[in-house]
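Trainee: no sequence on this one, just coordinates:
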């Protein structure tokens, strides 16, 4: 194994192998840090196969971490933003001298919109390809076209778990390179019988590990924030009941809505004599690397979004993981030493009931934004576009209908002038229409902020279990009678009035990271509006203009109060309810325009970001 490690550190070996073929699939161990090593080794070994261009090497992944670019910066020996840089949504840290550029798959897809031949690159590397995001799947099809037009372009697709044979067949039968890494053996343990309550079984397993197994931290996979917070409380009480003679157990949650300062605690080592247990969503499967994990507890479930094109609604459903995800989870226990993975399901369930791989996002999510991008690239024959796994036709038809309703497409299905403008905005089509409409309605100052806040995703409010009443009281102060969109505007304006203060966020139970993100989004959208020479005007106190702008993008999301209970959507007549967290929950206006519909585990449709409309 040492010999392999030395060879990977040698800069010439990966480059020599790359010269064999223009296209290659790589199956790699999770310990090799391929996103850092491969681009730098390729950069150092520049030769006839790698002519100099403005940006030689691009490394793309679903969620690019600046850590990878920082590590490559150290290897190459330069400052970040010079020869090594990164581009993520609403942030660009590159320069004309950049030779290695890290970016998200979404950003690379947007570059394809402007430059379909990828003319500024000589090597493209798509990392974490097994995650199969929509942007990655679209890139597969686009880059196949680029490779046919550019014989000199080289493409590397890397992953620790992908179905390499399938990828090889898709990319012209290209070779597969399998490179072993420095992983340790992991003992897999199954239950003899199915668990009726996986949550309780998980917590019992954690206590058993803590009380009987040798030192080493524990990683538990759960489906969401509510499960994690509840489990943290139960573990805390159980540890408290055992008294002071039991070694300390440091209980740490990790999920996307957690403030960043709390997320960072999972990387801190446990105090001497103590053990960490980290309760995580599937964010810890691939996106995070946590050293010191020797035990993984895997109940075998994940929470996913599933889009229903008929109702135009996302369903948050808890579903079994795939075999590939199970292997990825168990691998977390073998990064720093021999480990154990406790799978809380039977071996028969793993082999016979789990899918080999997860369903790609492109087959279960809304495709309106994706189709708008493809149309902007001149790709109009969508049914014959070379998707690796084609999306359902009904999902594509619904997306086309929605784009036509927004006037982004004409009757022939071709992009309109408005549609071209909407495609230039890196946001969902209804938000783009809403922003463009705000110019004529003279409320673009307010809509810019609202769109930026909506683009952040999730709630900007933080509601810790131990301070729920305080958090709710603070949030209520921001509530606006016109609805949640205006509430978000009030939050951002309050933060702006505090001179973008961090302590202000803490005092008001608002996530500083989400607001900083919204600030970055707003700046980039403002730059695009300036490029179109649009005046940024405020409507002052006339919030009717803001509501009209919102309605211009979301008129298909209108609902009328039902005399019996809740509301009914105008398009499908679907019974829906205002979310309890909405500013309108206790007011129940006659009409609302909602941002999104979600089907929860309680089998009840709920509104998010409801807005009153006359």
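Mentor: Everything's here; your move. All figures in this text were calculated on a predicted structure; none of them were measured in a lab.

Trainee: Need the per-residue pLDDT for residue 331.
Mentor: Note for residue 331: predicted pLDDT of 92.

Trainee: try residue 614
Mentor: 49.

Trainee: again with residue 513
Mentor: 89.

Trainee: Skipping adjacent residues, who's closest to it in space?
Mentor: Nearest residue to residue 513 in three dimensions, chain neighbours excluded: residue 260, at 4.6 Å (Cβ to Cβ, 6 or more residues apart in numbering). Placement of C-beta: from N, CA and C, glycine included.

Trainee: Check what pLDDT that neighbour gets.
Mentor: Looking at residue 260, its pLDDT is 78.

Trainee: and what of residue 232?
Mentor: pLDDT for residue 232: 96.

Trainee: Surely it forms part of a helix?
Mentor: Yes - secondary structure of residue 232 (DSSP: H, G, I helix; E, B strand; the rest coil): part of a helix.

Trainee: these two touch, right, it and residue 279?
Mentor: Yes - Residue 232 is within contact range of residue 279, at 6.1 Å (criterion: Cβ atoms under 8 Å).

Trainee: who touches both of these two?
Mentor: Common neighbours of residue 232 and residue 279 (criterion: Cβ atoms under 8 Å, 6 or more residues apart in numbering): 251, 253.

Trainee: Settle it for me: which of these two has more neighbours?
Mentor: residue 279 (27 against 17; other Cβ atoms under 10 Å).

Trainee: who's in contact with the more buried one?
Mentor: Residue 279 sits next to 220, 222, 228, 231-232, 251-254 when contact means Cβ under 8 Å, 6+ apart.

Trainee: try 7 Å
Mentor: Each residue near residue 279 by Cβ atoms under 7 Å, 6 or more residues apart in numbering is listed here: 220, 222, 228, 231-232, 253.

Trainee: Repeat that for residue 392.
Mentor: residue 363.

Trainee: what about the residue nearest to residue 313 when sequence neighbours are not counted, which SS state?
Mentor: Nearest in space to residue 313, with sequence neighbours left out and distances taken as Cβ to Cβ, 6+ apart, is residue 597 at 4.1 Å. Using three-state DSSP, the structure places residue 597 in strand.

Trainee: Measure how buried residue 597 is and give me the count.
Mentor: For residue 597, the count of nearby residues is 21 (other Cβ under 10 Å).

Trainee: Please point out which parts of stretch 503-510 sit buried.
Mentor: By 16 or more other Cβ atoms under 10 Å, the buried positions in stretch 503-510 come out as 504-505, 508-510.

Trainee: any idea how far the residue nearest to residue 513 lies from residue 462?
Mentor: According to Cβ to Cβ, to the nearest Å, residue 260 and residue 462 sit 11 Å apart.

Trainee: ok, the two, which is more surrounded?
Mentor: The residue with more neighbours, out of residue 260 and residue 462, is residue 462; 22 against 11, by other Cβ under 10 Å.

Trainee: follow-up on the earlier one: surely the residue nearest to residue 513 is in contact with residue 514?
Mentor: No - contact between residue 260 and residue 514 fails when scored by Cβ atoms under 7 Å: they sit 9.6 Å apart.

Trainee: Show me the helices in the stretch 151-300 of the chain, by range?
Mentor: 164-170, 198-212, 225-241, 260-263, 283-286 (DSSP state H, counting those that start in this stretch).

Trainee: same question but for the stretch 301-450 of the chain, I mixed them up
Mentor: 323-331, 347-352, 368-376, 393-405, 417-424, 429-440, 444-456.

Trainee: got the buried residues for the next helix or strand after the last one?
Mentor: Proceeding C-terminally, helix 444-456 gives way to helix 468-476 as the next helix or strand, assigned by DSSP states H and E. Residues of helix 468-476 classed as buried by neighbour count (16+ other Cβ under 10 Å): 471, 474-475.

Trainee: From the geometric centre of this protein, which residue sits farthest away?
Mentor: residue 245 (42.2 Å; Cα atoms, centre = their mean).

Trainee: Just the pLDDT for that one.
Mentor: Residue 245 is assigned a predicted lDDT (pLDDT) of 90.

Trainee: Which of the buried residues of helix 468-476 sits closest to residue 110?
Mentor: residue 475 (34.5 Å; Cβ to Cβ).

Trainee: How much space separates the residue farthest from the centre of the chain from residue 238?
Mentor: Distance from residue 245 to residue 238, counting by Cβ to Cβ: 15 Å.

Trainee: same question for stretch 139-149, mean pLDDT?
Mentor: 93.

Trainee: same question, stretch 526-537
Mentor: Taken as a whole, stretch 526-537 has an average pLDDT of 93.

Trainee: ends of it, how far apart?
Mentor: Length of stretch 526-537, first residue to last, Cα to Cα, to the nearest Å: 12 Å.

Trainee: What residues of that stretch count as buried?
Mentor: Those would be 526, 528-529, 534, 536, for stretch 526-537 by 16+ other Cβ under 10 Å.

Trainee: Would you tell me which one of these comes nearest to residue 423?
Mentor: Once Cβ to Cβ is applied, the member of the buried residues of stretch 526-537 that ends up nearest residue 423 is residue 528, at 11.3 Å.

Trainee: can I assume the closest one is in contact with residue 425?
Mentor: Yes - between residue 528 and residue 425 there is a contact under Cβ under 7 Å: 6.1 Å.

Trainee: Out of the buried residues of helix 468-476, which is nearest to residue 210?
Mentor: Among these, residue 471 lies closest to residue 210 (Cβ to Cβ), at 30.9 Å.

Trainee: Excluding covalently adjacent residues, which one is nearest to that closest one?
Mentor: residue 509 (4.1 Å).

Trainee: Kindly report the same for residue 411.
Mentor: residue 404 (7.7 Å).

Trainee: Residue 559 versus the one you found, what's the distance?
Mentor: Counting by Cβ to Cβ - residue 404 and residue 559 are separated by 22 Å.

Trainee: And residue 361, by the same measure?
Mentor: For residue 361, the distance to residue 559 - Cβ to Cβ - is 27 Å.

Trainee: try residue 163
Mentor: 42 Å.

Trainee: Which one's more surrounded, these two?
Mentor: Higher neighbour count among residue 163 and residue 559: residue 559, with 26 against 16, using other Cβ under 10 Å.

Trainee: my guess is the more buried one contacts residue 571, does it?
Mentor: No - at 9.2 Å, residue 559 does not count as touching residue 571 under the criterion of Cβ under 7 Å.

Trainee: Contacts only, for the nearest residue to residue 377 once chain neighbours are set aside.
Mentor: Once flanking residues are discounted, residue 377 sits nearest to residue 113: 5.6 Å by Cβ to Cβ, 6+ apart. Neighbour list for residue 113: 373, 376-377 [criterion: Cβ under 7 Å, 6+ apart].

Trainee: Helix, strand, or coil at residue 113?
Mentor: Assignment for residue 113 (three-state DSSP): helix.

Trainee: Report the contact partners of residue 198.
Mentor: Applying Cβ under 7 Å, 6+ apart to residue 198 gives the contacts 299, 301, 344.

Trainee: Just the terminal-to-terminal distance for stretch 577-597.
Mentor: When the termini of stretch 577-597 are compared using Cα to Cα, they are 9 Å apart.

Trainee: Give me the buried positions along it.
Mentor: Quick answer for stretch 577-597 (16+ other Cβ under 10 Å): 577-579, 581-584, 589, 592-597.

Trainee: Could you list the low-confidence segments of the stretch 501-614 of the chain?
Mentor: Scanning the stretch 501-614 of the chain for pLDDT under 70 picks out the ranges 600-614.

Trainee: roughly how far apart are the residue nearest to residue 313 and residue 468?
Mentor: 26 Å.

Trainee: ok, now residue 100?
Mentor: Separation of residue 100 from residue 468 (Cβ to Cβ): 46 Å.

Trainee: Could you break this structure into its assigned domains?
Mentor: Structural domains assigned to the chain are 55-161, 186-356, 366-414, 425-597, following the TED database.

Trainee: List the contacts of stretch 259-275.
Mentor: Applying Cβ under 7 Å, 6+ apart, the contact partners of stretch 259-275 are 210, 215, 217-218, 247-250, 252, 254, 276, 278, 290, 292, 462, 511, 513.

Trainee: No more questions from me, cheers.
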